[in-house]
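Student: Quick check, what structure comes out for this input:
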Amino acid sequence: MAGEAEHGGNGFNIHPMEQFKVHPLFGDGAVHWYTPTNATLWMLITVLAITLFMVFGTRGRALIPSRGQSAAEVVFGFTRKMVEDVAGKEGAKYFPYILTLFLFILFANVLAIIPTSFAPTSHIAVTAVLAVAVFVTVTVIGFVKHGTHFFNLFWVSSAPTVALRIVLAVIEVISYFVRPVSHSIRLGGNMMAGHAVLKVFAGFAGALGVGAVLPIVAISAIYGLEVLVAFIQAYVFAILTCVYLNDALHPGH
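Tutor: Numbering: from 1, shown residues only. Down below sits the predicted model:
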């Protein structure tokens, strides 16, 4: 009776957040910074998949490209155009870094859709590291390139009065330091929400058995949406990085 009360007694034993639990690959001990976990495993798989896609897919460099080479060239060209369109020609030198970010997030998101896999980008611990790395990188670039003139990013010289410029400067500073927070939460929150909803509908489908037509239809629709979200979130993270880079390269308002 106690067990039935704990689980509701109706078969709907759904725990959508369990899929995000980080656990050791070997044993059941505590997780330390050096412990191999399911998160590190899937990040390693992500890196290996990117290597296969970009390195081995293009190693032949045939005049008539294979499917793998064509796909790699499309991703390469798409990302490079995005960097040049947003950050300008001057930002093209930082293209390899943005391409690496884009590919890592994209492949991590797509691989996470595989049943029984793990979504590293659903954890703020992962997305925050990526966002802070972007924040530190563009800030360093800004100061190295412009010195103290980088502070022009926060000074809205087009404002009509000095008092208004001071108020806007405070807002700009707050907005600047909030960037890594919003950058990381946007990615992690979207990935966690989508996977949690999938798990809920999967639980309904399992509990209803042969009557699970509606949950299965919902799962199919959400699964398709998650594929789209996987690409969109990688694109949003990369293009925001380009925007921040453009601010560092051209800080004047």
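
Student: List the buried residues for the helix or strand that contains Val243?
Tutor: Following DSSP states H and E, one finds Val243 within helix 213-249. Neighbour-count burial for helix 213-249, counted by 16 or more other C-beta atoms under 10 Å, picks out 215, 218-219, 222, 226, 229-230, 233-242, 244-249. (Each C-beta comes from the backbone N, C-alpha and C, glycine too.)

Student: Ok, stretch 138-152 next?
Tutor: Result for stretch 138-152 [16+ other C-beta under 10 Å]: buried residues Val138, Thr139, Ile141, Gly142, His146, Phe150.

Student: right, and the first one touches Tyr244 too?
Tutor: Yes - Val138 is in contact with Tyr244 according to C-beta atoms under 8 Å; the separation is 4.6 Å.

Student: close enough to count as contact, Asn109 and Ala234?
Tutor: Yes - in this structure Asn109 lies within contact range of Ala234 using C-beta under 8 Å: 6.0 Å.

Student: Listing request: residues of the stretch 151-253 of the chain with sub-threshold pLDDT.
Tutor: Applying pLDDT under 70 to the stretch 151-253 of the chain flags residues 206-212, 252-253.

Student: switch to 90 and redo it
Tutor: 152-153, 155-162, 194-225, 250-253 (pLDDT under 90).

Student: Next, Phe118: phi, psi?
Tutor: phi -130, psi 140 (degrees, to the nearest 10).

Student: so who does it touch?
Tutor: Gln19, Asn38, Ala39, Leu41, Trp42, Ala112 (C-beta atoms under 8 Å, 6 or more residues apart in numbering).

Student: Repeat that for Gly142.
Tutor: Phe150, Leu153, Asp247, Ala248, Leu249, Pro251.

Student: Now with 7 Å, please.
Tutor: For Gly142, the contact set (C-beta atoms under 7 Å, 6 or more residues apart in numbering) comprises Phe150, Ala248, Pro251.

Student: all helices of the stretch 51-200 of the chain, in order?
Tutor: Per DSSP state H, counting those that start in this stretch, the stretch 51-200 of the chain carries helices over the ranges 67-87, 95-111, 124-146, 162-208.

Student: winner for burial among the ones you listed?
Tutor: helix 95-111 (a mean of 21; mean count of other C-beta atoms under 10 Å).

Student: can you give me the mean pLDDT across it?
Tutor: Averaged over helix 95-111, pLDDT sits at 96.

Student: Please apply the same query to stretch 76-87.
Tutor: Here the average pLDDT along stretch 76-87 is 94.

Student: which residues sit against that stretch?
Tutor: By C-beta under 7 Å, 6+ apart, stretch 76-87 touches 91-92, 95, 98-99, 102, 238-239, 242-243, 245-246, 249.

Student: How about exporting it as PDB, limited to the C-alpha atoms?
Tutor: Provided in PDB are the C-alpha atoms of stretch 76-87 (Å, rounded to 0.1, in the frame of the first residue of the first chain):
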ATOM      1  CA  PHE A  76      31.500  25.200 -43.100                       C
ATOM      2  CA  GLY A  77      30.200  27.700 -45.600                       C
ATOM      3  CA  PHE A  78      27.100  28.400 -43.600                       C
ATOM      4  CA  THR A  79      29.000  29.200 -40.400                       C
ATOM      5  CA  ARG A  80      31.600  31.300 -42.200                       C
ATOM      6  CA  LYS A  81      29.000  33.400 -43.900                       C
ATOM      7  CA  MET A  82      27.200  33.900 -40.500                       C
ATOM      8  CA  VAL A  83      30.400  35.100 -38.900                       C
ATOM      9  CA  GLU A  84      31.300  37.500 -41.800                       C
ATOM     10  CA  ASP A  85      27.700  38.800 -42.000                       C
ATOM     11  CA  VAL A  86      27.500  39.600 -38.300                       C
ATOM     12  CA  ALA A  87      31.100  40.300 -37.200                       C
END
